[in-house]
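Pasting the sequence and the predicted model now:
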Amino acid sequence: MRHLTGKNVFLPNIQKIARKSIAFENAFAQQALCAPSRNSILTGRRPDKLHLYDFYSYWRDVVGNFSTFPQIFKENGYDTYSVGKIFHPGLSSNFTDDYPYSWTEKPYHPASQKYKDAAVCKSKHSNELHKNLLCPINVREQPDGTLPDLETLKYSIDLLKKRNDKPFLLAVGFHKPHIPLKYPHKYLRKVPIGNVQPPSMPYMPNEMPTVAWHPWTDVRQRDDIKNLNISFPFGTIPPKWTLKIRQNYYAAALYIDDLVGNLIRHVDINNTIVVLTSDHGWSLGENGLWAKYSNFDVALRVPLIFKIPNKPPKSILTPVELIDIFPTILTLADIQPPINCKNYDKSVKCIDGKSLIPLMSSKSDFSNSIKFAISQYPRPSEYPMKNSDKPRLKDIKIMGYSIRTKRYRYTEWVEFNNTMFSRDWNKLYGIELYDHDLDEEESINVYDKHKYKNVKIQLSHLLRSHVD
């Protein structure tokens, strides 16, 4: 789920939690793709350390036997449970969601998830069912009469009701608003199309390097979008459909907000640490882009909320990273986290994340100091291809490394060696610099403007010095 502000849609339950919590307003994923992001969160290591940029390798087999934070909780006497989408299912978590290392019991996946891409979306003009992007439905008419996130909620509540006095870690992963945007249709009525605003720049900006564009192939392949006959790879979605997709995304987010509220009502928040986040964001037509697969804020910025007993609420603007969850949550539970890897690159007992507790405890949010978040995205070529969204490791030729400070986002697209896992900073395919004081949607690339010359030099040095 992307970071949704009040100007997008009101999420009453999540925003109620945020008001009573420590909320990081500028939290960023390490890569805007499910499996790499989730493995980074759970191991506290960047994609470069895990050698994972796609879905097709298991870090314990190909890199090292790195611990996850649920594994460390388990080793310290906690019962640990995974419900729904926590690890990305499949080879990237050994087809087991890293069980039994990380979890006390086998992870639970809802049975109705097998219908994820089934043709269940009704047409307004016929009785045919389609595989659409936009798919508000009647739950009772669905296969098995339910939806995956409803099953995940029920299983999670049942676990909470059965709890004893033993400490536990419960990880709950809702799927929506992942596409297809399939959700109970009542939520669509709560987002009137007249209240939905378009992006300020709905087309590819002239200054955007070609390598930064991705063709959002999975969106194009949905039946309703396919029927629009949008040219590949640079065609954009018509304005009417842009509003409809944004409306449905917000409605799906409201659906999940209801489920989060329901789940929290079964949690003893006076005696439980609650962390709410997402694995990546989602472009909604900004700069002509859709889905994830990029280094733009909309694809990387996510909610990050810590509800901690007896801790006063606070809003923090300092950029932070999702790998920071690992040491933070362990420290909050009085468990010693592994050391930071910065000076211990060969150690399997280290992590890349940094504890967020100093930011939580400070009277300010450190917003005037130099703090930053680093993310990355791979490409198979400079020109967009059908596999530009999700290239396999063997096809990756370019890596975009991006650094986000409070004011700027700076990105360098460089040549990448997919067997040595190394980069050549001298072979550049594109540079981007966005000034958030003037351009929140990152539509004006100012890297070649004279007034930003020193900013570009400083951020380039900072980025390169922190990419191992």
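It's in.

Can you show me the helices along the stretch 51-200 of the chain?
59-62, 69-75, 148-161 (DSSP state H, counting those that start in this stretch).

ah, wrong one, I meant the stretch 251-400 of the chain
Using DSSP H, counting those that start in this stretch, the helices of the stretch 251-400 of the chain run over residues 297-300, 325-332, 357-361.

Ser375: which of those is closest?
Judged by CB to CB, the one of the helices of the stretch 251-400 of the chain that comes nearest to Ser375 is helix 297-300, at 5.1 Å. C-beta coordinates here come from the backbone N, C-alpha and C atoms, glycine included.

contacts for that closest one?
Contacts with helix 297-300, where a contact means CB atoms under 8 Å, 6 or more residues apart in numbering, come from 2, 28-29, 32, 280-284, 286, 289, 291-294, 373, 375, 402, 404, 409, 436, 440-442.

can I get the CA coordinates of it in PDB?
Only the C-alpha atoms of helix 297-300 are listed here, as PDB (Å, rounded to 0.1, in the frame of the first residue of the first chain):
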ATOM      1  CA  ASP A 297       8.500   8.300  -4.100                       C
ATOM      2  CA  VAL A 298       5.000   6.900  -5.000                       C
ATOM      3  CA  ALA A 299       6.400   3.400  -5.500                       C
ATOM      4  CA  LEU A 300       8.800   3.500  -2.500                       C
END
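
please renumber so the chain begins at 14
Will do, 14 is the new start, and the previous item becomes helix 310-313.

pLDDT (mean, whole number) over it?
Taken as a whole, helix 310-313 has an average pLDDT of 98.

got it, and stretch 88-103?
98.

List the buried residues in stretch 435-454.
Under the neighbour-count criterion of 16 or more other CB atoms under 10 Å, stretch 435-454 has 436, 442-449, 452, 454 buried.

can you check stretch 29-43 too?
Buried, per 16+ other CB under 10 Å, within stretch 29-43: 30-31, 34-43.

Endpoint to endpoint, it covers what distance?
One end of stretch 29-43 to the other measures 27 Å (CA to CA, to the nearest Å).

Ok, stretch 219-233 next?
Length of stretch 219-233, first residue to last, CA to CA: 23 Å.

and that stretch, which residues are buried?
For stretch 219-233, the neighbour count (16+ other CB under 10 Å) marks 220-233 as buried.

same check, this time on stretch 412-432
Neighbour-count burial for stretch 412-432 [16+ other CB under 10 Å]: 412-419, 421-427, 429, 431.

Just those residues: which are in helices?
Members of the buried residues of stretch 412-432 lying in helices (criterion: DSSP state H): none.

Quick one: low-confidence residue ranges for the stretch 14-163 of the chain.
Residue ranges of the stretch 14-163 of the chain with pLDDT under 70: 18-21.

try 80 this time
Residues of the stretch 14-163 of the chain meeting the criterion pLDDT under 80: 14-21, 137-139.

Tell me where it has strands.
35-37, 40-41, 92-97, 134-135, 142-143, 147-150 (DSSP state E, counting those that start in this stretch).

sorry, back to before: tell me the one of the buried residues of stretch 29-43 nearest Pro332?
Nearest to Pro332 among these is Asn39, at 4.5 Å by CB to CB.

what residues does stretch 338-349 touch?
54-57, 82, 85-86, 89, 180, 286, 288, 290, 317, 319, 321, 350-351, 353, 364, 366-370.

Apply 6 Å and report the result again.
Identification of contacts with stretch 338-349 by CB atoms under 6 Å, 6 or more residues apart in numbering yields 54, 57, 82, 89, 286, 350, 364, 366, 368-370.

Going by neighbour count, list what's buried in it.
Within stretch 338-349, the residues scored as buried using 16+ other CB under 10 Å are 338-343, 345-346, 348.

picking up where we left off before, just the ones of the buried residues of stretch 412-432 in strands?
Among the buried residues of stretch 412-432, the members found in strands (DSSP state E) are 412-417, 421-427, 429.

Return the residues in contact with the residue nearest the centre of the chain.
Most central in the chain under CA atoms, centre = their mean is His293, positioned 1.2 Å from the mean C-alpha point. Contact analysis of His293 by CB under 6 Å, 6+ apart lists 42, 45, 50, 305.

at 7 Å what do you get?
By CB atoms under 7 Å, 6 or more residues apart in numbering, the residues touching His293 are 42, 45-46, 50, 305, 312-313, 315.

Equivalent analysis for Leu24, please.
Leu24 touches 17, 266-267, 270, counting by CB under 7 Å, 6+ apart.

Of these, which is the most crowded?
Within the contacts of Leu24, Leu267 tops the neighbour count with 25 neighbours, counted by other CB atoms under 10 Å.

Could you report the distance from that one to Arg405?
Distance, Leu267 to Arg405, by CB to CB, to the nearest Å: 35 Å.

Same question for Lys367.
Using CB to CB, Lys367 is found at 31 Å from Arg405.

The two - which one has more neighbours?
A side-by-side neighbour count of Lys367 and Arg405, using other CB under 10 Å, places Lys367 first with 20 against 14.

What number of residues are in the vicinity of the nearest residue to the more buried one once chain neighbours are set aside?
What sits nearest to Lys367 in space, not counting adjacent residues and going by CB to CB, 6 or more residues apart in numbering, is Asp337, at 5.5 Å. Counted with other CB under 10 Å, residues neighbouring Asp337 total 23.

these two touch, right, Asp337 and Gly366?
Yes: applying CB atoms under 7 Å as the test, Asp337 and Gly366 come out as touching, 4.4 Å apart.
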